[in-house]
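**Q** sequence below, structure please.
(chains A and B)
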Amino acid sequence: MAHAHSVKRHTGLMDWLTTVDHKKIAILYLLAGGLFFGFGGVEAMLIRLQLIKPMNDLVSAQTFNELITMHGTTMIFLGVMPVIFALMNAVIPLQIGARDVAFPFVNALGFWTFLFGGILLNLSWIMGGAPDAGWTAYTPLSTSTYSTTHGVDFYTVGLQIAGLGTLIGGINFLATIITMRAPGMSFMRMPMFTWTSFITSAMILFAFPAITVGLVLLSFDRILGANFFEVSNGGNPVLWQHIFWIFGHPEVYILILPAFGVISEVIPTFARKRLFGYSSMVFATILIAFLGFMVWAHHMFTTGLGPIANALFSIATMLIAVPTGIKIFNWLFTMWGGQIRFTSANLFAIGFVPTFVMGGVTGVMLASAPADYQFHDTYFVVAHFHYVIVGGLVFGLFAGLHYWWPKMFGRVLNETIGKWTFWFFAIGFHLTFFVQHFLGLMGMQRRIFTYLPNQDFDTLNLVSTVGAFLMAVGVLLFLFNCFVTAAKPKGVANDPWEDGRTLEWAIPSPPPEYNFKQIPLVRGLDAYWKEKMAGNKEMTPAEPLGSIHMPSPTILPFVMSVGIFIAGLGLMFSSEKFNNSFMSMIFNNWIVVIIGLVITFGSMLLRSLFDDHGWHIEPEELEEEGVKA
Amino acid sequence: MTTVEQHQDDTVKHGHRHEGPQKHVIVFIFSIILTAIAFASVMAGGVNVAFTVILLVVMAVLQALVQLGYWMHLKDKGHLMPIIFMCGGAFVAFTAIVTALYWVWW
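**A** Below you'll find the model as predicted:
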């Protein structure tokens, strides 16, 4: 064999550290995302406990600021983003009939940079105080004048590294979806989850550079003494708000679009109907992405942009309700007349629809600039964005996890516990956040660590905290479900829901490492369903059985990320005054930064100098496995 | 089969259509001339500043188009996606800048 190369196969921990298999990276993303989601959840519980009664002193004002900052940052960047990437990694190559993503090495690199960025950010808790300037890190609050600990440095450097991972992942999925679709899968035959992930990846590509630049500027201000945001030296703090929201608003659509995709997969499957208005769904997704870049200033109505800017951004924002409304009606019409099965996945998907509409309606209310002067920085805003992010995205993620769990792990999650999860989570969610609308309208501000009694805030805050605990019970039930299910033997059918429509259900659960023995031929939208309706048991192959080229496992992505992590820490403490002379020597002379960069660039050099030819799985081996199965 | 796949198939079958060095030499000389004009217009001084700025921008845009089209192969088949994404990125960036300048700052 001309191309036969022996490859070292790792086992145990090394297998996970060196893997470039998209299915294993998906599980890594899920584990890491789950861990950070847990951190963010504990922070949320502490916030709600502090606010359970007036004049509470469970945590200090400073700790409260750190809690809200870390809760927001962790949940957005380290909690839900990786779970989205977990689903994208687990599902997209399968849905488009590919054997892996376009760049498996880069995929692993994206995960490890994200993880080390997240670890760096969370190290702040034990290294002198977490960031405390809010998840938006508005200047001048976040400049070194007003934020004297290293908290915000952890924010800028940690997010920079984690953002690198997200950008890498986004580019990888763009390349994968453009180039690796199975024969016959035109763009307008792509499953909806693949479509929304494609658009999300494009938005990542365009939006993340803005935050990258913003974080660099803020780091320069704080660490190297630049003056981009220092008013006293001619800087402009409002500039940060613009840069942050030019990224930040697309970011919320980056989050919600994959959830739209999940819902668009789950609802048709469990309604036994094709998705209503597929092409209008695609069009609406693109339109949402397009408009999402044109509305950032609606976060800044009260900064004094003037009536023209406020009016135009107001209208642009309200326009987004149109494509979103198209989607909502399409989901309703998909369910209309369908044979609906209320599985846990579908419960979350159906629960998503009204919950997300409520978040959308308050969104349109907030889009009205004059009204926003009343709502701004009150709990009304908090209620709104939790309705779209938790009631929208997290419901979508739970739906997706219940739906694709058998495909990822080969075991169906326990349906009874799943339904309890849904009811605890949904009821807890509405209890927590519905009342916050009214708290906001009555004048309770965001980000305050306590409040005086007898302002009508007492009861509603208590209700909100009780709701938060019900949500926590829901999440713990899900965790319990994962463990219970993990204890059961593997071996569900290819298509455990029996009504699977897309390609991932045509192959074993979990799929073999090469996914498809033969790349399938796609003959229409909902490719697998089409074959089923034609009376075929499986997909028609598009290629003869042959040897399959696989990427080799490698530790380099992990090492590269360790290097960036070390360099990041070195940069943060480069001007720190240490008591220890050795520490001063290595940090103040940039030696730590240099060591980190040498590790990263050294790994890149190794990767460039030694070609990775990958390895092959021969047809004979495929046959053997076929017999075993 | 769809058009995108046909594109891909074409590229696989024919590879890059090599037009020979002639065209590339011409494009290279054109690039140098563009640079020379830009350089000379600044060196000459004295000329109207506004005119120089406009001239420089025009030269820069032409230069970018030549570079992208010929040296980055965007004029060849199978480059539809890169073109879509570059135009998309440019559009987002330009609108953000123009919006910021005309609505927000003034």
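
**Q** can you tell me how far A:M75 is from chain B?
**A** Here A:M75 is placed at a distance of 26 Å from chain B (Cβ to the nearest Cβ, to the nearest Å). Placement of C-beta: from N, CA and C, glycine included.

**Q** hmm, I was thinking of A:M203
**A** Here the distance between A:M203 and chain B works out to 9 Å (Cβ to the nearest Cβ).

**Q** my guess is that residue contacts A:Y253, does it?
**A** Yes. In this structure A:M203 lies within contact range of A:Y253 using Cβ atoms under 8 Å: 6.1 Å.

**Q** and the strands in the stretch 451-600 of chain A?
**A** Here the stretch 451-600 of chain A has its strands, by DSSP state E, counting those that start in this stretch, at A:548-550.

**Q** now the one residue in it that gets nearest to chain B. Its backbone dihedrals?
**A** Sorted by distance to chain B under Cβ to the nearest Cβ, the residues of the stretch 451-600 of chain A start with A:V522, at 10.5 Å. Dihedral pair for A:V522: phi -100, psi 130, per degrees, to the nearest 10.

**Q** show me the longest helix that occurs in chain A.
**A** The longest helix of chain A (DSSP state H) is helix A:237-271.

**Q** name the helices or strands packed onto it?
**A** Counting contacts by 3 or more Cβ pairs under 8 Å, 6 or more residues apart in numbering or on different chains; DSSP states H and E, helix A:237-271 packs against helix A:81-95, helix A:192-223, helix A:278-292, helix A:321-335, helix A:344-367, helix A:379-388, helix A:395-409.

**Q** can you give the domain ranges for chain A?
**A** Domains of chain A are assigned by automatic domain parsing as A:12-178+A:188-505, A:558-629.

**Q** just to revisit the earlier point, packed most tightly, which of the helices and strands packed on helix A:237-271 would that be?
**A** helix A:81-95 (a mean of 28; mean count of other Cβ atoms under 10 Å in any protein chain shown).

**Q** what mean pLDDT does that helix have?
**A** In this model, helix A:81-95 has an average pLDDT of 96.

**Q** how many neighbours does residue 99 have?
**A** Picking chain A for this. Here the number of neighbours of A:R99 (other Cβ atoms under 10 Å in any protein chain shown) works out to 23.

**Q** wrong one, I was asking about chain B
**A** Counted with other Cβ under 10 Å, residues neighbouring B:T99 total 21.

**Q** list residues touching both of A:M203 and A:Y253?
**A** Common neighbours of A:M203 and A:Y253, counting by Cβ atoms under 8 Å, 6 or more residues apart in numbering or on different chains, are A:A289, A:G292.

**Q** give me the contact list for stretch B:37-45.
**A** Identification of contacts with stretch B:37-45 by Cβ under 8 Å, 6+ apart yields B:V47, B:T52, B:L55, B:L56, B:M59, B:A60.

**Q** alpha carbons only: can I get it in CSV?
**A** Written as CSV, here are the backbone C-alpha positions of stretch B:37-45 (Å, rounded to 0.1, in the frame of the first residue of the first chain):
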residue,chain,number,x,y,z
ILE,B,37,1.6,56.2,-10.1
ALA,B,38,0.6,56.3,-6.4
PHE,B,39,4.1,56.8,-5.3
ALA,B,40,4.8,59.5,-7.9
SER,B,41,1.6,61.4,-7.1
VAL,B,42,2.8,61.8,-3.5
MET,B,43,6.4,62.4,-4.4
ALA,B,44,5.5,65.1,-6.8
GLY,B,45,3.9,67.1,-4.0
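
**Q** what residues of that stretch count as buried?
**A** Counting neighbours by 16 or more other Cβ atoms under 10 Å in any protein chain shown, one finds that the buried residues in stretch B:37-45 are B:A38, B:S41.

**Q** now do stretch B:67-82
**A** B:L68, B:Y70, B:G78, B:H79.

**Q** ok, now stretch A:485-505?
**A** Buried residues in stretch A:485-505, counted by 16+ other Cβ under 10 Å: A:485, A:492, A:494-497, A:499-505.

**Q** next up, the contacts around residue 74.
**A** By default, I'm working from chain A. With contact taken as Cβ under 8 Å, 6+ apart, A:T74 is in contact with A:F36, A:F39, A:G40, A:E43, A:G118, A:L121, A:N122.

**Q** actually chain B
**A** Listed by Cβ under 8 Å, 6+ apart, the contact partners of B:L74 are B:L68, B:P82, B:I83, B:M86.

**Q** return the subset of these lying in helices.
**A** B:P82, B:I83, B:M86.

**Q** for chain A, state which of these is nearest.
**A** Chain A has its nearest neighbour among these in B:P82, at 9.4 Å by Cβ to the nearest Cβ.

**Q** without its sequence neighbours, what residue ends up closest to the closest one?
**A** Spatial nearest neighbour of B:P82, excluding adjacent residues (Cβ to Cβ, 6 or more residues apart in numbering or on different chains): B:L74 at 6.4 Å.

**Q** tell me the pLDDT of that neighbour.
**A** Here the pLDDT value assigned to B:L74 is 86.

**Q** then the one 10 residues further on?
**A** Reported pLDDT at B:I84 in the predicted model: 90.

**Q** all the helices of the stretch 451-600 of chain A, in order from the start?
**A** For the stretch 451-600 of chain A, the helices defined by DSSP state H, counting those that start in this stretch cover A:458-487, A:527-533, A:556-572, A:581-588, A:591-609.

**Q** got it, and chain B?
**A** Assignment of helices within chain B using DSSP H yields the ranges B:3-14, B:21-44, B:49-66, B:80-99.

**Q** point to the residue nearest the middle of the chain.
**A** Answering for chain A, as no chain was given. Taking Cα atoms, centre = their mean, the centroid of chain A lies closest to A:M81, which sits 1.4 Å from it.

**Q** think we crossed wires, I meant chain B
**A** B:L65 (1.9 Å).

**Q** and the gap between that residue and A:Y373?
**A** The gap separating B:L65 from A:Y373 is 46 Å, by Cβ to Cβ, to the nearest Å.
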